[in-house]
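> okay, here's the prediction I keep looking at, along with the sequence it came from:
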Amino acid sequence: GMIVVILAMYFLITTLTTKDTALSVMLIDCHTEMSGEEMAEEYMDTAGIDKKKYQVQIQNNLMFQGTDSGSYSMTSLSKFMADIGSELLKDDFIKYDGSQTWTDLRKYLTDKQMEELKDRLLTADDGRVIGILADDLPVLQAEECYTNKETEAAIGIIYNAPHKDEAVKYLLYLAGVK
C-alpha cells in the first residue's frame, strides 16, 4: 500500500511540474560558443514565454559535416532522425524535402514578412517556400552559429511540428523581422 501511495505521489508531482515544450529546435552544424540552454533562455526572454509553464529546447551541438569522427556524425544524424528536428545545411535540407519534410512557410508568413525575407527564402522545385537561408540572419550571426562561407545553411519547420506558430515566431526572431 505504501509503494502505491509513493508512486501515486511521484506521478502527481511529475504531472504538476512538467512544462509543455513551446519550441524544440535543432541547429545542425552550428559552430557557436553559446550553449543551447543560453540560446533558449535568450529566446524565451525576447518572446515573453512564461518560463513557469513552458520550456524551449535548443540543441546546437549536432554535427553532420566537417567532423573528424564518423561515429560522432552518425550519432548526430541518428539524433536528428529520431527527433526529426528543424535545421540543416542547405544541400541536406533540400535532400530531406524529397518527402515534403518541411512546412510551406507561405501558409504562416504575411505578405509583408514574405517581402522582407524574399532574398532569403528557400523555395522547393514545386514552389513551396520550405525554409530561410540562415547564414546572414542577425541572431545567428551574433552567436557565430554558421560561419563557414563555403556552405549555405537553411532553417525551416518540420511538417509535424506541434507548435508551428511558435516556430514561425522563432524564425522571424532569428531573421529580425516583426
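The structure has been received and is ready for your questions.
> may I see the buried residues of stretch 18-38?
Neighbour-count burial for stretch 18-38 flags 22, 23, 24, 25, 26, 27, 28, 29, 30, 32, 36 (criterion: 16 or more other Cβ atoms under 10 Å). Yep, even glycine has a C-beta here, placed from its N, CA and C like the rest.
> endpoint to endpoint, that stretch covers what distance?
By Cα to Cα, to the nearest Å, the extent of stretch 18-38 from end to end equals 20 Å.
> for stretch 45-61, same thing?
End-to-end distance for stretch 45-61, by Cα to Cα: 22 Å.
> which outside residues touch that stretch?
Under the contact criterion Cβ atoms under 8 Å, 6 or more residues apart in numbering, stretch 45-61 has outside partners 19-27, 30, 32, 34-37, 39-40, 43-44, 79, 85, 145, 166, 169-170, 173.
> give me the most central residue, the chain.
With distances taken as Cα atoms, centre = their mean, the residue of the chain nearest its centroid is residue 25 (2.5 Å).
> how about the CA coordinates for the top helix by length along the chain, as PDB?
In the chain, assigned by DSSP state H, the helix with the most residues is helix 2-17. Provided in PDB are the C-alpha atoms of helix 2-17 (Å, rounded to 0.1, in the frame of the first residue of the first chain):
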ATOM      1  CA  MET A   2       2.800   2.400   0.900                       C
ATOM      2  CA  ILE A   3       4.500   1.800  -2.500                       C
ATOM      3  CA  VAL A   4       1.300   2.600  -4.300                       C
ATOM      4  CA  VAL A   5       0.900   5.900  -2.400                       C
ATOM      5  CA  ILE A   6       4.600   6.800  -3.100                       C
ATOM      6  CA  LEU A   7       4.100   6.000  -6.900                       C
ATOM      7  CA  ALA A   8       0.900   8.000  -7.000                       C
ATOM      8  CA  MET A   9       2.600  11.000  -5.300                       C
ATOM      9  CA  TYR A  10       5.500  10.700  -7.700                       C
ATOM     10  CA  PHE A  11       3.200  10.700 -10.800                       C
ATOM     11  CA  LEU A  12       1.200  13.600  -9.400                       C
ATOM     12  CA  ILE A  13       4.300  15.700  -8.700                       C
ATOM     13  CA  THR A  14       5.700  14.900 -12.100                       C
ATOM     14  CA  THR A  15       2.500  15.800 -13.800                       C
ATOM     15  CA  LEU A  16       2.200  19.100 -11.900                       C
ATOM     16  CA  THR A  17       5.800  20.200 -12.500                       C
END
